[in-house]
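Trainee: Got a sequence here, can you build the structure:
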Amino acid sequence: MSTPDDQATGLRTGPGTAPAARPGPTAREPGTGPLPWSEQRLVLGVDAGGTAVRAVLTDLTGRRLGEARTGGGNPQAQGGPAAAHRIGEAVRAALGDHDPGRLAACVIGLAGHRRFATDAAAVAFTEECRTAAGPAVPGHLRLSLRPDAEVAFAAGTAAPDGVVLIAGTGAVACRLQRRRVSTVRGGQGWLLGDEGSGFWLGREAARHALDTLGSPSGAPDALTTAVLAALDVPARPRAGAVAGLLRAVYDAPATAPATLAPLVSTAAAAGDQAAAGIAARAAAHLGTLVEATLPAGAPPEPIVLAGAVAASPGPVRDALTAALADLPGQVLVAGDTTMAAAWLAARTIVPGTPHGAFLP
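Mentor: From the prediction side, this is the model:
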């Protein structure tokens with residue numbers, strides 16, 4: 001019997017329960033008989049983010065059969081046609097030489113999903129992806145478009161309810177009920193929000209460098225030196241360094257400061273006080289975002305951390321984990337989001353598909 005979130009995809013479910021994943025070859029030895037039902041049917045999981053689109057092809061046991069990566073596929077950042085093209089390209093590459101007729105389900109976790117104000121707009125984008133994928137997506141296969149928050153949450157837990165914080169280039173927190181987003185906090189983008197995100201961290205690093213260079217006393221500290229080196233700006237003379245830093249930032253794409261975010265974590269881990277302060281403020285912003293997502297008196301539910309800022313080991317995640325320690329629910333770190341998308345796809349075929357088969 002299918003669960004409500006399986007029914008929402010509009011795909012038919014099949015009989016049986018998928019066995020637990022077992023290590024083995026990606027191709028079956030000749031002469032060993034027909035493929036078991038769980039290996040006959042294939043699913044695609046896609047994680048389409050602003051930096052990259054990643055896709056994975058698996059069978060219903062969670063065995064990886066193909067993988068691919070292309071450029072960014074966020075329709076909000078890259079535009080609909082470019083994003084659809086990259087998603088289609090990743091799907092084609094992940095399918096490889098496998099028979100498209102064996103595909104049973106595909107789930108696409110999409111950053112920028114909120115761009116679609118109507119269901120019709122989402123359907124139109126999905127059809128663009130189908131066209132871009134070409135013969136790799138046969139007519140019988142429905143592409144299920146899901147917000148990236150739903151896939152990121154599934155990458156951290158099999159629970160149906162809880163909170164996911166995605167902090168990468170941007171920052172958003174979502175509460176999920178029955179694996180569907182019910183509440184959203186943040187996610188307004190670099191111009192109106194995204195405090196604590198990679199963009200925010202990089203911008204704060206650049207601001208600190210400007211303040212340091214403008215100060216009449218002292219030499220550039222470790223963080224300032226790292227920022228100038230990353231932007232290929234000579235540290236002296238100071239006036240030239242200020243002009244060069246401003247040029248480097250304003251001549252680049254708007255979200256380019258996010259590339260400076262790792263410098264904050266590296267410098268903070270090495271003991272730089274300015275970087276440590278920025279990391280601590282980022283964690284405080286992100287912790288507040290999570291708290292705003294939880295309703296008053298909410299029962300203990302898992303809190304999943306996803307995205308390069310929140311999920312990567314380092315000072316920001318350490319401070320964030322400490323900030324969340326008093327909230328109800330276990331704090332978890334998301335695993336492979338492409339495999340989470342594949343698991344959600346497999347559940348539309350076999351609702352009881354074990355989470356651990358795809359995300360051990």
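Trainee: give me phi/psi at the nearest residue to Ala298 once chain neighbours are set aside?
Mentor: Spatial nearest neighbour of Ala298, excluding adjacent residues (Cβ to Cβ, 6 or more residues apart in numbering): Pro328 at 6.4 Å. No exception for glycine: its C-beta is placed from N, CA and C like everyone else's. In this entry, Pro328 is assigned phi and psi values of phi -70, psi 140 (degrees, to the nearest 10).
Trainee: Identify the residues contacting Pro328.
Mentor: Taking Cβ atoms under 8 Å, 6 or more residues apart in numbering, we find Pro328 in contact with Leu294, Ala298, Pro299, Pro300, Glu301.
Trainee: Now do the SS call for the second one.
Mentor: Taken by DSSP: H, G, I helix; E, B strand; the rest coil, the conformation at Ala298 corresponds to coil.
Trainee: a markdown table for the contacts of Pro328, including pLDDT, neighbour count and distance to Ala90?
Mentor: As requested, these are arranged in a markdown table below (pLDDT from 0 to 100; neighbours: other Cβ atoms under 10 Å; distance: Cβ to Cβ, whole Å):
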| residue | pLDDT | neighbour count | distance to Ala90 |
| --- | --- | --- | --- |
| Leu294 | 88 | 20 | 34 |
| Ala298 | 75 | 15 | 36 |
| Pro299 | 81 | 9 | 38 |
| Pro300 | 88 | 10 | 37 |
| Glu301 | 91 | 20 | 32 |
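Trainee: so which of these would you say is closest to Ala104?
Mentor: Glu301 (30.7 Å; Cβ to Cβ).
Trainee: Give the buried residues for stretch 319-332.
Mentor: Ala319, Leu320, Thr321, Ala323, Leu324, Leu327, Gly329, Val331, Leu332 (16 or more other Cβ atoms under 10 Å).
Trainee: Quick check: closest non-adjacent residue to the first one.
Mentor: Which is Ala319. Taking Cβ to Cβ, 6+ apart, and ignoring the residues beside it in sequence, Ala319 has Ala283 as its nearest neighbour in space, at 3.5 Å.
Trainee: any idea which element the one you found lies in?
Mentor: Mapping Ala283 onto the secondary structure by DSSP states H and E places it in helix 273-293.
Trainee: Packing partners of that helix?
Mentor: Under the contact criterion of 3 or more Cβ pairs under 8 Å, 6 or more residues apart in numbering; DSSP states H and E, the helices and strands touching helix 273-293 comprise strand 162-167, strand 171-177, strand 180-186, helix 198-214, helix 222-230, helix 261-269, helix 308-311, helix 315-324.
Trainee: average model confidence for the longest one?
Mentor: It refers to helix 198-214. Mean pLDDT, taken over the full extent of helix 198-214, equals 94.
Trainee: buried sites along that helix?
Mentor: Residues 198-206, 208-210, 212-213 are the ones in helix 198-214 that count as buried (16+ other Cβ under 10 Å).
Trainee: what's the answer for the shortest one, then?
Mentor: Within helix 308-311, the residues that count as buried by 16+ other Cβ under 10 Å are Ala308, Val309, Ala310, Ala311.
Trainee: so can I have a markdown table of those residues showing distance to Pro147 and pLDDT?
Mentor: Written out in a markdown table, the entries for these read as follows (distance: Cβ to Cβ, whole Å; pLDDT from 0 to 100):
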| residue | distance to Pro147 | pLDDT |
| --- | --- | --- |
| Ala308 | 18 | 90 |
| Val309 | 19 | 93 |
| Ala310 | 17 | 94 |
| Ala311 | 17 | 93 |
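Trainee: Low-confidence regions, the stretch 1-150 of the chain specifically.
Mentor: For the stretch 1-150 of the chain, the stretches with pLDDT under 70 are 1-39, 117.
Trainee: how close does the residue nearest the centre of the chain get to Leu286?
Mentor: The geometric centre of the chain, computed from its C-alpha atoms, lies nearest to Gly307 (Cα atoms, centre = their mean), at 5.3 Å. When distances are taken as Cβ to Cβ, to the nearest Å, Gly307 and Leu286 turn out to be 10 Å apart.
Trainee: Same question for Ala241.
Mentor: Counting by Cβ to Cβ, the gap from Ala241 to Leu286 is 31 Å.
Trainee: more neighbours, the two?
Mentor: The residue with the greater number of neighbours, taking Ala241 and Leu286 and applying other Cβ atoms under 10 Å, is Leu286; the counts read 29 against 23.
Trainee: Can you tell me the closest non-neighbouring residue to the more buried one?
Mentor: In this structure, Leu286 finds its nearest non-sequential neighbour in Gly196, 4.0 Å apart by Cβ to Cβ, 6+ apart.
Trainee: helix, strand or coil for the one you found?
Mentor: Using three-state DSSP, the secondary structure recorded for Gly196 is coil.
Trainee: Can you name the residues that contact it?
Mentor: With contact set as Cβ under 8 Å, 6+ apart, Gly196 has these partners: Ala167, Ala171, Arg281, Ala282, Ala283, Ala284, His285, Leu286, Leu289, Val309, Val316.
Trainee: Done for today, thanks.
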